[in-house]
Every structure is written in C-alpha cells, then in structure tokens.
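**Q** Next come a sequence and a model predicted from it.
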Amino acid sequence: MTDPSKPPKAYRDAAFLSSARARPLRMLAEYLEPEDRFSDNRVEDTIVFYGSARIISREDATQRLEEAKAGKGHIEEAERLLEMSRFYDAARELSKRLTQWSKGLTESDRRFVICSGGGPGIMEAANRGASEAKGVNIGLGISLPHEEGANPFVSRELVFQFHYFFMRKFWFTYMAKAVIVMPGGFGTLDELFETLTLVQTGRVKKKMAIVLFGQDYWSKVLNLEALVEFGTISPTDLDLFIITDSIDEAFDYVTRELEHYGLDQPGPHL
C-alpha cells in the first residue's frame, strides 16, 4: 500500500507521466534519450533505408511458394512475394556494401551508419546487410498493434522504440546524410515525401543523396513528371533524387555524394 505521507516525486509518478498533461515530457524524452544514446555510441550520422515491411527474403519467399503449391496458401500471392523479394536482396547487399565503405573512412567516430525502422521486410534487410558487414546499425521502431518489436539484426545498443511518429521521423531526418527508398506503402510514401518537401523548401540545409530503388515500381506508383506538367513543382525538383535498378549505381551515387558533401560535415544537421 502506498504511504500517503510519502507521495512519489513527480518524475517517478507513473500515473502523472502517462497523463495528457505530461505529454510534453514524453515528447522531450523521445528527443533526449536517443540523443544521449547516439552520443554514447559515437554515431555521427546515418544512411536511412525506407521500404515495405511486407517484402520478405528470397529464402522465405521460395518456401512460401513451395507451401502454396502444396496447397497451403495462395500461389499467386506467393509468386508476387518471390518477385518482390529481389528488393529485400538488393537492400541487404547495398547496406552491406555501404557499411563496408563507411567502416573504412575513420577510426574515431561512426560515420554514415545504416538506419532503418527496425521492423521486418526492407527494414530487416538493411539491418541484416549492415550486420553481415560487422557494422553497428540502428532500428528506430514505432509502437504499433501488429508490430513484434525490432528485427534480430539491429545492434542491441541502438534499438529504439518510439510512441510518437513525428519524433521518430525527426530522428530519421536529423541524422540522415543519404536516404534509400525501396518499394513500400503508405508509410514509405509519407517518409519519402516529407524528405523531399524538407529538401525542396530548404528546411534541410545539408546536402542529402536520395535514391528511389526500383524503376518499374516507382514509374507505376509515382508520376512526378505530371506535377511538372501541371506546374505544381519545378522541373529542377526532379533532380533532388535518382531512380535506379542498379545496386552499383546506387552505391556509386551515394558514396560519391557523401565523399563530396558529407565527409567534412560530421554530425546531424537540419
């Protein structure tokens, strides 16, 4: 039983901290705690991977197709998963190569660390590739009813779990020097367009390399040329990113941009 003569201090009062009035404290905590942990782990800046949680590895997709052919699933859905698994493999390989490259840059601080949303699918692929290159990597998770927590490839000391989407997105953008966008749904599109808006409007001062990976996917999902045609964006806004199907091209573009603009500006910047 709680002793009424010894009420808890405000910062230990769970009921108060969970209340609506303490919301600003919870928001502030989602800024200060990640900042502290990034500093402790000497993480200077990141390369962010966005993409669908529903895209699985080729191994898993092949198994799904075999099960479907044996009557334990829908063959058409399993075939689509297998086709889309190439993006999992591409994210994994690109993340691995970028990690190997970044590890060779400096002995003191961790530059251009791979960062994802920490969940399954493309996020897992990015963390997996970095882990296979023996690099620390980040998972900025979000509390959702259907999420099961961080994927097993995120560095344990850099697993985060956010309540507020906007704080999670702040840390994605604040730390990022490059962004690679694999095929994804509403969340991926939201993250892509917020990034483009911040760069287009100059609210992000740093140079940011942006890659949309998967030409067929993005050409069907987005018609940004129509925005130019209708005059709602400038033709030069299409130069804010590249679209490619090539791991080599994506790697060369990101590393070239980072070597030119990012190496002499360590740390997060907006």
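**A** The structure has been received and is ready for your questions.
**Q** for F230, what are its contacts?
**A** Applying C-beta atoms under 8 Å, 6 or more residues apart in numbering to F230 gives no contacts. Every C-beta, even on glycine, is put in place using the N, C-alpha and C of the backbone.
**Q** Quick check, pLDDT for it.
**A** Predicted confidence (pLDDT) at F230: the value is 98.
**Q** Same check on A10?
**A** 89.
**Q** and it, how many neighbours?
**A** 10 (other C-beta atoms under 10 Å).
**Q** for I75, same thing?
**A** 13.
**Q** For S52, see how far away the nearest residue to it once chain neighbours are set aside is.
**A** Leaving aside its chain neighbours, I75 sits nearest to A68 (4.6 Å; criterion: C-beta to C-beta, 6 or more residues apart in numbering). In this view, A68 and S52 are 20 Å apart by C-beta to C-beta, to the nearest Å.
**Q** pLDDT weak spots in this structure?
**A** 1-4, 107-108, 147 (pLDDT under 70).
**Q** Which strands and helices lie in contact with the longest helix belonging to it?
**A** Scanning the chain for the longest helix, with DSSP state H as the assignment, gives helix 75-103. In terms of contacts (3 or more C-beta pairs under 8 Å, 6 or more residues apart in numbering; DSSP states H and E), helix 75-103 is packed against strand 46-50, helix 58-69, strand 113-116, helix 122-132, strand 209-213, helix 247-257.
**Q** Check for me that D264 belongs to a helix.
**A** No - read with DSSP: H, G, I helix; E, B strand; the rest coil, D264 is coil and lies in no helix.
**Q** Now it: phi and psi?
**A** phi -90, psi 10 (degrees, to the nearest 10).
**Q** How much space separates it from F186?
**A** Taking C-beta to C-beta, one finds D264 at 37 Å from F186.
**Q** One more: R168?
**A** With C-beta to C-beta as the criterion, R168 and F186 are 15 Å apart.
**Q** so who does the residue nearest the centre of the chain touch?
**A** For the chain, the residue sitting closest to the mean C-alpha position, by C-alpha atoms, centre = their mean, is S116 at 3.1 Å. For S116, the residues meeting the contact criterion (C-beta under 8 Å, 6+ apart) are 48-50, 122-124, 126-127, 137-140, 154.
**Q** hmm, back to that, pipe the helices and strands packed on helix 75-103 into JSON lines and attach distance to F16 per row.
**A** Below are the helices and strands packed on helix 75-103 laid out as JSON lines (distance: least, C-beta to C-beta, whole Å):
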{"stretch": "strand 46-50", "distance to F16": "34"}
{"stretch": "helix 58-69", "distance to F16": "45"}
{"stretch": "strand 113-116", "distance to F16": "33"}
{"stretch": "helix 122-132", "distance to F16": "34"}
{"stretch": "strand 209-213", "distance to F16": "42"}
{"stretch": "helix 247-257", "distance to F16": "45"}
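**Q** Identify the residue nearest L65 in space, chain neighbours excluded?
**A** Going by C-beta to C-beta, 6+ apart, L65 has A78 as its nearest residue, at 4.1 Å.
**Q** Run through who's touching stretch 172-179.
**A** 38, 43, 45-48, 50, 112, 115, 140, 191-192, 194-195, 198, 204, 206-211, 254, 257-258, 261-262, 268-270.
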